[in-house]
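*Asks:* Predicted coordinates and the sequence they were generated for:
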Amino acid sequence: MADLTCKDLSMTYRNPQTGAEVHALKDINFTLKKGELLAVLGPSGCGKTTLLNMVAGFLKPTAGEMILGDRLINGPGVERGMVFQQGALFEWQSVKKNVDFGLRMKKTKAVEAADLVEKWLDIVGLQGFGETPTYQLSGGMQQRVALARCLVNDPDVILMDEPLGALDALTREKMQSLILELWKETGKTIIIITHSVEEALLLGERLFVMAPRPGRIHKEYHLPFAERGLSEPLRAIRQDKDFTKVREEILTMIWNMEEEIMGRV
Amino acid sequence: MFEFIADQRAAIAAVFILTLLLAFGVSIYIGRKEYRKNGQDQVFGDPERTKGGWYWSLCGVSALLLIWFYFSWGVARAYFPNAANELCQIAKLDEALSPIRAVLPIGSRSYQSTLLVARNGAQIEALRDSMPKQAFSRDEQQVLELVIDDVQSLLGLSSDPDQQSPEVAAQIELLSQELRAIAIALDAGPSAVEPSAEALAQPKWGATYTEIPLLPVTARGILFDQLSQDAALLSDRFVTLKNIPPAYATRIPLITQKIEALSAATKAQQFSDADVEARKDYIKSLDRIFNRLDDGSIFPAGSFAPLMKVFQELARAQAHAKGSLKVIDALFVPGAGVVKSRTQCSEQGSGRWLPKPMDVVVTFAELADPDVEDGGGFKGTPLLWWKWLPIADVVAFVIPDALADLWAGEYARHGVDGKVQENTKDRLLALAQGDIDLGSVPALDGHLWDSLFRVLVAMGLGILCGVPVGIYMGVSQFIKGVLDPVVELYRPVPPLAWAPLILTIFGIQDDGKIFLLFMVAFAIMVISARTGAAGTQLSKIRASHSLGASNRQILLHVILPNALPEILTGVRIAIGVCWGTLVAAEMLAGTTGIGFIENVARTVSDYELIWVTILIMGILGLAFDLIMRWVIQKTIPWRGKG
């Protein structure tokens, strides 16, 4: 059992000059069962990235607690792998060295590590690129390396912060399929933050639409599309009537939130 | 070998000039062709346009070398070896005539007498206006006015042609005629006189960097040389000439008497101390001007007219006698030409401070010659060579004497038998002091190695200490807070401003210089490592945390490689600054090093050696930079691509 539970999670920033308090997140409560794929969507400033950084352990919540399995989350750890928007690869090292970074830090035996790296490079579709310096890779390939680097550590939860945000449409679609495949094959719990409503619908088995001021979960969906995406082509799902209906609903929701932020309503 | 160069100078120069002209022409030809091929389809301002273009470098270098060769009188020396000797004889005549020329408006704007009248007149007026009236009685003031009038009248007397004694006019006329004889002799041209054996035995101009031979070796030179001796006698007579008008005989004792009376009054009467001072000062000033006017150096303006005329003739005759030498002088001897001063003839202008290319090569060859016994190297040390370095010296440098002191037990004492039995502690001390023979290893030696050694050791220490400090300053508030004020306060001080202090504390040899350079390198390495460390992307740090790296591992595997480009750029900058600082520090103090050579060369005005040291420094500095650029390219290909 490695469920992720968040209880009354709050994050308050204090402006040092004015002393005014900003509630980046307020009273977030949810439980994510092992193997669930959660997409988080919301307008800018609703605290999605703050939530992810707290789960990753980079930020400490001002109130509430997070529990993964039976352990309280307190600081970053290998059981929660992170994939960043720009990959955050170590550009001074080859693909292989990037992927086995975690294993080297753990001082895993070289032979064992090499086997694991080969296996994961194979899975993400980078076989033969082991010795390539990462700065020579395209954006999509860099994200594949980032995925492999994260997965080779065998984390319980994978946190993705807009992982496909900087990619072109075609690469993005391929990467979406890859994420779904990895989800199915590994059975990992995944939280993915995205700006794209379509992506959230396609990937999210569960979907949180968050609202700002204070940051909170506005609405939660349970969606069938991720499951379907494992067998059907993503492009077909996008044309689906149910899909478009939910998409329009969420778009309207976020649109209204944005309007509210701008003070038009 | 150098004699060969001297003998074949013309041929070598021809090859040199033709090669350079060819390189210059060909490079321009290629450059224009390349431009026509792909120059037009490029947009102005496109940085791509600056890529390549070795031919323009060739063009620039060959033009520079040609200019160097020309302005160092290379052409004259290669093809007109006797020109300088002849110019020297002409310079002798100029020197001989210079006392007469000095009083005439030749080269200056007015007669020397005019200047004297103007200056003394102004001083007399100033004296009249500044009379301290409180110090002199009314009567005395009137006497003073009269004395000043009298002194002023001396100016008038000496400037009046009617007051001039006829003897002086006759003397001037006589001198003019004798000078005219020199002009006539010049016009007549040289006679067939053989140069003296002594003259022929002189070292040739341009053999190496010897001065211009002083004795004439050509007929024209002999003519000028002889006439210059005649002219020198005339000049000697001219300077004894004084214009003392007969009227002076009555006027001068009168003025002397009055001034003496005033001085006597100061002594006899009771004045306040301040007044005594004022009177003494004033009378002294008056006396000084008076004494200057009674020496007869002011002549009526018209009295030198005959001399002026004959000097014009002399100038014409001299130009005529120079003949073809005029062309060589104008074309191939740029600058002030050859000037004779007392004991030697020397090149003036670029010919003096810009050495001939071949002399620079010869100087370098002598400097680089490792055979110190045979005059190679500099001040008993070769430029760059090797020697046997006793291992004991190195051991003694590494092990401090204090280690022996700390060793258990006591140093041996002399026993009753009057002998000393060495114990382990004694032997350890001997080792720490380098007294035990451990054999020798070959090591580099020489001025250049000393300089390089200082830079390399200082750079090594600077990197070893500066990089960790900088990295920790980039990640730790505490370390940044504590060290930032120290580093930022001493860093902006120009390194040489530290030199007097550091050299006093650590000595003028290697220790002091290495420490000075270490300070420079340390500051630069700290700043660059800190910038690099602080510039690490947060997401990379977070990613490595999530991948299970410890703080130490993150420093070593993420922050350090991330800072590497900045660190290497820092090394590149530091090595340049260190090199510059070192040379300046060596010029300041010390007995070895490339800067020391230049400093000694400066004190003896050895321009060839100065240029050689400058070129060595430039080439080495360039080499450092090229090596660093190569290292940067090889070690951090990812730079700017993260």
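*Replies:* Ah, there it is.
*Asks:* so what's residue B:378 bridging to?
*Replies:* Beta-bridge pairing for residue B:378 (DSSP bridges): residue B:381.
*Asks:* my guess is it contacts residue B:597, does it?
*Replies:* Yes - counting by C-beta atoms under 8 Å, residue B:378 touches residue B:597, with 5.2 Å between them. In short, each C-beta sits where N, CA and C put it, glycine included.
*Asks:* Who has more neighbours out of those two?
*Replies:* Neighbour totals were compared for residue B:378 and residue B:597, and residue B:597 leads with 28 against 21 (other C-beta atoms under 10 Å in any protein chain shown).
*Asks:* which residues touch the host helix or strand of residue B:425?
*Replies:* Using DSSP states H and E, residue B:425 maps to helix B:424-432. Residues outside helix B:424-432 that contact it (C-beta atoms under 8 Å, 6 or more residues apart in numbering or on different chains): B:392, B:395-396, B:399-401, B:403-405, B:407-412, B:436.
*Asks:* at 6 Å instead, please
*Replies:* B:399, B:401, B:403-404, B:407, B:409, B:411-412, B:436 (C-beta atoms under 6 Å, 6 or more residues apart in numbering or on different chains).
*Asks:* how about low-confidence regions in the stretch 151-265 of chain A?
*Replies:* Residues of the stretch 151-265 of chain A that meet the criterion pLDDT under 70 lie in A:264-265.
*Asks:* Can you show me the helices along it?
*Replies:* Ranges of helices in the stretch 151-265 of chain A, per DSSP state H, counting those that start in this stretch, are A:169-186, A:197-203, A:225-229, A:234-239, A:241-262.
*Asks:* what's the most buried one of those?
*Replies:* The highest average neighbour count among these, using mean count of other C-beta atoms under 10 Å in any protein chain shown, belongs to helix A:197-203 at a mean of 24.
*Asks:* Can I get that one as CSV, trimmed to CA atoms?
*Replies:* Taking Å, rounded to 0.1, in the frame of the first residue of the first chain, the C-alpha atoms of helix A:197-203 are listed here in CSV:
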residue,chain,number,x,y,z
VAL,A,197,-7.1,21.0,-20.9
GLU,A,198,-6.9,18.3,-23.7
GLU,A,199,-3.8,16.8,-22.2
ALA,A,200,-5.4,16.7,-18.7
LEU,A,201,-8.4,14.9,-20.1
LEU,A,202,-6.4,12.5,-22.1
LEU,A,203,-4.0,11.6,-19.4
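*Asks:* Quick one: distance of that helix to the chain centre.
*Replies:* Offset of helix A:197-203 from its chain centre (C-alpha atoms, centre = their mean, to the nearest Å): 12 Å.
*Asks:* what's near enough to touch residue A:35?
*Replies:* By C-beta under 6 Å, 6+ apart, the residues touching residue A:35 are A:187, A:189.
*Asks:* near chain B, which residues of chain A show up?
*Replies:* A:58, A:76, A:78, A:81-82, A:84, A:88, A:91-92, A:101-102, A:105-106, A:135 (C-beta under 6 Å from any C-beta of the partner chain).
*Asks:* One more pass at 7 Å, please.
*Replies:* A:56, A:58, A:76, A:78, A:80-82, A:84, A:86, A:88, A:90-92, A:101-102, A:105-106, A:133, A:135, A:149, A:153 (C-beta under 7 Å from any C-beta of the partner chain).
*Asks:* hmm, back to that, which secondary structure element comes immediately after the helix holding residue B:425 toward the C-terminus?
*Replies:* Next along the chain after helix B:424-432, taking DSSP H and E as the criterion, comes strand B:440-445.
*Asks:* Just the angle for whichever helix or strand comes after that following strand relative to strand B:440-445, thanks.
*Replies:* Next helix or strand after strand B:440-445 toward the C-terminus (DSSP H and E): helix B:447-475. Taking axes from the mean of the first three to the mean of the last three C-alpha atoms, to 10 degrees, helix B:447-475 and strand B:440-445 form an angle of 90 degrees between their directions.
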